[in-house]
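Pasting the sequence and the predicted coordinates here, then a few questions.
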Amino acid sequence: MADQPVFVVGAGLEALEATAFATEEEFQELLARHPRVLDFGTLSDGQPLRLVLVAREMGVPTSADSGSVYRLDHLFVDADGVPTLVEVKRATDTRLRREVVGQMLDYAANAARYWPAALLQHSFEETCRTDGRSVEQAYGELLGERSSDDFWATVEERLAAGQMRLLFVADRIPLELRAIVEFLNRQMRQTDVYAVELTQYRGDGELKVLVPRVYGEVATAAKTPSGHGGTQRTTRPELQAALDTRCTPEVRRVATALLEHAESRGKLVGGTGRFPSMNVHYRMAGGGWVPIGTLSLYEDPAREEFAFSLGSIVTRFGFDATAAFADALPSAGGLDERLHQLRNTNFNGWPSVSLAALAAESGAVTAILTAIDQLLATHEPRP
């Protein structure tokens, strides 16, 4: 049955008829300018959800050295640091049935691995400047009492843990897609999946009415809590308890050296993933903080590693300083090979090394700590 018109009562009665979007570009531009049409649900403190645009056509790599292979239509984020990935299709696009689902899952899987905090922050601030928005005002909607570094580190951690929203947006959602969305939402504990049908009504004048209808909320409500409604950070005692119960004395010594060095010269920020983790931040000479890396104790499969936040380092100190830092790091566990590959992508990545490999190579931990000290002491941060 055809859509019934929407009636606007003013001086008279005006009927607005359902009207298809002329182009996908028009559809995408509307969402970028008016993300409130996608604001359903609440934040962890009970406040209404307010999505903020990070970027349009956000590049998605498929490896540490591939560059952007795909382009996500829109990336939004909310004040809880939960990223929202949006793909837009018109009903006339036959890919809306099944192909778009595989496409979105591909984007989400690779974004979780290859979108460091520094890249997300740069994309957001560049989008603000391009759109003529004040960066400070945009941050005012997101940060609260947090620093921008802490906020984007939280977004990155949520991505790594799979704590995100996936939104399929179209002017008509077919039954096949609704069924897939409901199924995925029931099966995926950390990730929420929705389909949003956005119908446009227009009359003879300039008046336009947008009516969103959301599919997938029933399956979301039936889930056990996924954890991305709040920010439950790993505490230092919790991380230590995990180290004591699952790690060898050699691995514990490596972890303790890395953590104590950060505590004495910077600060530790607990991770928000499903596994115990701790981010190490250091104060820069010109003020502010730089996240150097993350110590993580993964559960499935069980492994302990330290990952370097090279994207954050290169954003704050530049390529040459980051290259010198990378050259000073040890070769343990093939770390040198991964660092060499990342030179071709402006060090956009999170190269990691297992704590066991660091423990097995004499002087490896000392080399890391010395490299950090040299980076902070000999290079002024970029303006």
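That came in fine, so what should we check first? Numbering: from 1, shown residues only.

Give me the number of neighbouring residues for L207.
12 (other CB atoms under 10 Å). C-beta here means a position set from N, CA and C on the backbone, and glycine is covered the same way.

Tell me the pLDDT of it.
pLDDT for L207: 78.

Could you measure from it over to V37?
Going from L207 to V37 by CB to CB, to the nearest Å gives 16 Å.

Repeat that for T23.
18 Å.

So which of those two has more stuff around it?
The neighbour comparison of T23 against V37 (other CB under 10 Å) goes to V37, with 16 against 10.

Just checking the distance from the helix or strand containing V353 to the centre of its chain.
In this assignment (DSSP states H and E), V353 forms part of strand 352-354. Averaged C-alpha coordinates place strand 352-354 at 21 Å from its chain's average position (CA atoms, centre = their mean, to the nearest Å).

immediately after the helix or strand bottoming out on mean pLDDT in the chain, which helix or strand?
One helix or strand of the chain scores below all others by mean pLDDT, DSSP states H and E: helix 217-221, with a mean of 59. Sequence-wise, the next helix or strand downstream of helix 217-221 (DSSP H and E) is helix 236-246.

related to what we said a few turns ago, strand partners of the strand holding V353, parallel vs antiparallel please.
strand 302-308 (antiparallel) (DSSP bridges).

contacting residues around the partner strand?
246-247, 251, 255, 258, 292-298, 329, 350-356, 358, 368 (CB atoms under 8 Å, 6 or more residues apart in numbering).

what about the closest residue to S147 other than its chain neighbours, neighbour count?
Nearest residue to S147, sequence neighbours excluded (CB to CB, 6 or more residues apart in numbering): W289, at 6.6 Å. Neighbouring residues of W289 were enumerated by other CB under 10 Å; the total is 19.

Could you list the low-confidence segments of the protein?
Along the chain, segments meeting pLDDT under 70 span 1-3, 44-45, 64-66, 94-97, 218-232, 272-273, 286-288, 300, 379-383.

Show me how the record splits it into domains.
6-221, 236-378 (automatic domain parsing).

what residues are up against H281?
149, 262, 266-269, 289-292.

likewise R146?
Contact analysis of R146 by CB under 8 Å, 6+ apart lists T154.

wait, is it part of a strand?
No - counting by DSSP: H, G, I helix; E, B strand; the rest coil, R146 is not part of a strand but coil.

I figured L184 hits Y194, correct?
No - assessed by CB atoms under 8 Å, L184 is found out of contact with Y194, at 9.8 Å.

Which neighbours do these two have in common?
With CB under 8 Å, 6+ apart as the test, L184 and Y194 both reach L166.

of those two, who's got more company?
Remark: of L184 and Y194, Y194 carries more neighbours, 25 against 19, as counted by other CB under 10 Å.

got the residue ranges for the helices in the protein?
24-33, 99-114, 117-131, 135-140, 148-160, 175-187, 217-221, 236-246, 249-265, 310-317, 319-328, 335-342, 355-360, 364-378 (DSSP state H).

Distance to A79 added to those helices, as a markdown table?
Shown next, in a markdown table, are the helices of the chain (distance: least, CB to CB, whole Å):
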| stretch | distance to A79 |
| --- | --- |
| helix 24-33 | 19 |
| helix 99-114 | 20 |
| helix 117-131 | 13 |
| helix 135-140 | 10 |
| helix 148-160 | 9 |
| helix 175-187 | 23 |
| helix 217-221 | 19 |
| helix 236-246 | 25 |
| helix 249-265 | 27 |
| helix 310-317 | 21 |
| helix 319-328 | 30 |
| helix 335-342 | 32 |
| helix 355-360 | 34 |
| helix 364-378 | 31 |
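
Tell me which of those helices sits nearest to P5.
helix 24-33 (20.3 Å; CB to CB).

centre of the chain versus that closest one, how much separation?
On CA atoms, centre = their mean, the centre of helix 24-33 falls 22 Å from the chain's centre.

what's the answer for stretch 346-353, then?
Chain-centre distance of stretch 346-353: 16 Å, with CA atoms, centre = their mean.

contacting residues around that stretch?
With CB under 8 Å, 6+ apart, stretch 346-353 has contacts from 61, 64-65, 114, 116, 119, 294, 305-311, 313-314, 319, 322-323, 326, 330, 332-335, 338-339, 342.

rerun that using 7 Å as the cut-off
Stretch 346-353 is contacted from outside by 64, 114, 116, 119, 305-311, 314, 319, 322, 332-333, 335, 338-339, 342, using CB atoms under 7 Å, 6 or more residues apart in numbering.

Tell me which residues of that stretch come out buried.
347-353 (16 or more other CB atoms under 10 Å).
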